[in-house]
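Undergrad: my questions concern the predicted model and sequence given below.
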Amino acid sequence: MKQLSNRQILLGITGGIAAYKSAELVRRLKDHGADVRVVMTAAAMEFITPLTLQALSGNPVHTALLDPEAEAGMGHIELARWADLILVAPASADFMARLANGRGDDLLTTLCLATPAPIALAPAMNQGMWRDPATQANADTLRQRGVALFGPAAGEQACGDIGPGRMLESEQLAELAAGLFNSRALDGISLSITAGPTREAIDPVRYISNHSSGKMGYALAEAAADAGARVTLISGPTQLPCPPRVTRVDVISADDMYKASMANMGSCDIFIACAAVADYRPAHIEEQKIKKQNTSMNIELVRNPDIVSAVASHDQRPFTVGFAAETQDVIHYAKGKLEKKNLDMIIANDVSDTRIGFNSDENSVTVVDPSGQQKLEQMGKRQLAKQLIDLIAARYAEQKRDHSS
Ligand code: C5P
């Protein structure tokens, strides 16, 4: 399996002789399945041309913060949210200093400040510059803030010196980047997720459904598998491909989804209900296509089972997480559902905001549990899914500890 399939990597290139190796790095990242966009600093363009990187990445190269043309395409905030990882290779001493000081004086530093994604640097510089206490202090500051530092390696340098400061080889950097996606926070855990809409048949050709795309549930399934969980994705009809290392169970109606969900009870440690389940279904499915009526027609509807409530009241109840898609008083209603459905956690989002939620690629949510609430600002659904899975894994581990003490 390609280790970076579907990963969106923003490759930052700063000014250093190792920038020539960044062309090869783009190739390696793409070989591993990543979608790569390149951002270059002004100094980087003295060493390698944007055209080379554009041809290799297959995407336009971003070079300026205040470029109206670029902002009209993918603006800098959008780019910061697009990234699943920002990898800066080579990272010069000057870039590290600016990042450690929180500067936003060019596109790349601004993206690093704005992004919710992890950041990794591959330092590359003269050995004296690397050993300098100022650079070492900046490296420590960045590490403490969670920035990953890949290398540098030691050896012969372009300037003739021998010592630490060489950029790691492209293949090594691609492997290290892939390693950042696997948190192992859910190693050995079985996790089920419902996703997508359900379809409630009226007759052989018609049904009642909703606009859910399934994107959030699929992103959660992928993030959970990356964290080491055995994932069963119980999916209503969607257009999405099954994420790698995930077992998908395809269902159509709420009733099918209910049966598939209950079939996993006993072996399921965590259950996440992300599906937009139809609340009602037609009381009878007509065997033949219903003929047009003259003026109006009535379809009698009956309530569907509430899947997440049934899971939460099961004898072998897993850690149960629900979603609350609301258009007003979002937190108030979410808290009500947390209690009423007896959930361990609920993830609330405002679906009246068309920039997020149903069908969009971005979302912003508030996570509510009995101990309080936490807002996660707007970001890409895959990045958000990773943060949600980390939160779920942490709460699940806490609850297990409390129960066993
Ligand atoms: O009550 P409401 O539909 O707003 O609750 C939303 C939450 O309940 C979501 O987690 C959804 O997946 C779940 N749900 C369910 N079965 C239903 C209806 C909702 O699991 N029939």
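TA: Perfect, I can see it now.
Undergrad: give the buried residues for the one helix or strand in the chain whose mean pLDDT sits lowest.
TA: Every helix and strand of the chain was ranked by mean pLDDT, DSSP states H and E. The lowest is helix 68-73, at a mean of 77. Neighbour-count burial for helix 68-73 flags 70, 71 (criterion: 16 or more other C-beta atoms under 10 Å). Placement of C-beta: from N, CA and C, glycine included.
Undergrad: the ligand contacts on the chain?
TA: 194, 254, 273-275, 277, 279, 304, 306-308, 322-324, 337 (C-beta under 6 Å from any ligand atom).
Undergrad: same thing but at 5 Å, please
TA: Residues of the chain lying close to the ligand (C-beta under 5 Å from any ligand atom) are 273, 275, 277, 304, 306, 307, 308, 322, 323.
Undergrad: any chance of those in JSON lines with pLDDT and neighbour count as columns?
TA: Supplementary listing: these in JSON lines, determined by pLDDT from 0 to 100; neighbours: other C-beta atoms under 10 Å:
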{"residue": "273", "pLDDT": "98", "neighbour count": "28"}
{"residue": "275", "pLDDT": "97", "neighbour count": "27"}
{"residue": "277", "pLDDT": "98", "neighbour count": "22"}
{"residue": "304", "pLDDT": "98", "neighbour count": "18"}
{"residue": "306", "pLDDT": "98", "neighbour count": "18"}
{"residue": "307", "pLDDT": "98", "neighbour count": "24"}
{"residue": "308", "pLDDT": "98", "neighbour count": "24"}
{"residue": "322", "pLDDT": "98", "neighbour count": "27"}
{"residue": "323", "pLDDT": "96", "neighbour count": "24"}
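Undergrad: give me the subset of these lying in strands.
TA: 273, 322, 323 (DSSP state E).
Undergrad: name the residues that touch stretch 385-397?
TA: 84, 116, 183, 185-186, 189, 216, 219-220, 222-224, 226-227, 269-270, 272, 319, 321, 344-345, 347, 365, 367, 369, 374, 376, 379 (C-beta atoms under 8 Å, 6 or more residues apart in numbering).
Undergrad: and those residues, which are buried?
TA: So, by 16+ other C-beta under 10 Å, the buried ones in the contacts of stretch 385-397 are 84, 116, 185-186, 189, 216, 219-220, 222-224, 226-227, 269-270, 272, 319, 321, 344-345, 347, 365, 367, 369, 376, 379.
Undergrad: just the contacts of stretch 385-397: which are in strands?
TA: Per DSSP E, the contacts of stretch 385-397 map to strands at 270, 272, 319, 321, 345, 347, 365, 367, 369, 374, 376, 379.
Undergrad: who's in contact with the third one?
TA: Think residue 319. 269, 270, 271, 344, 345, 392, 395, 396, 399.
Undergrad: strands of the stretch 101-250 of the chain, start to end?
TA: For the stretch 101-250 of the chain, applying DSSP state E, counting those that start in this stretch gives strands covering 119-123, 148-149, 153-156, 162-166, 190-195, 200-203, 206-208, 230-235, 246-250.
Undergrad: now render the ones you listed as JSON lines, adding mean pLDDT.
TA: Output for the strands of the stretch 101-250 of the chain, formatted as JSON lines (pLDDT from 0 to 100):
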{"stretch": "strand 119-123", "mean pLDDT": "98"}
{"stretch": "strand 148-149", "mean pLDDT": "96"}
{"stretch": "strand 153-156", "mean pLDDT": "90"}
{"stretch": "strand 162-166", "mean pLDDT": "92"}
{"stretch": "strand 190-195", "mean pLDDT": "98"}
{"stretch": "strand 200-203", "mean pLDDT": "98"}
{"stretch": "strand 206-208", "mean pLDDT": "97"}
{"stretch": "strand 230-235", "mean pLDDT": "97"}
{"stretch": "strand 246-250", "mean pLDDT": "96"}
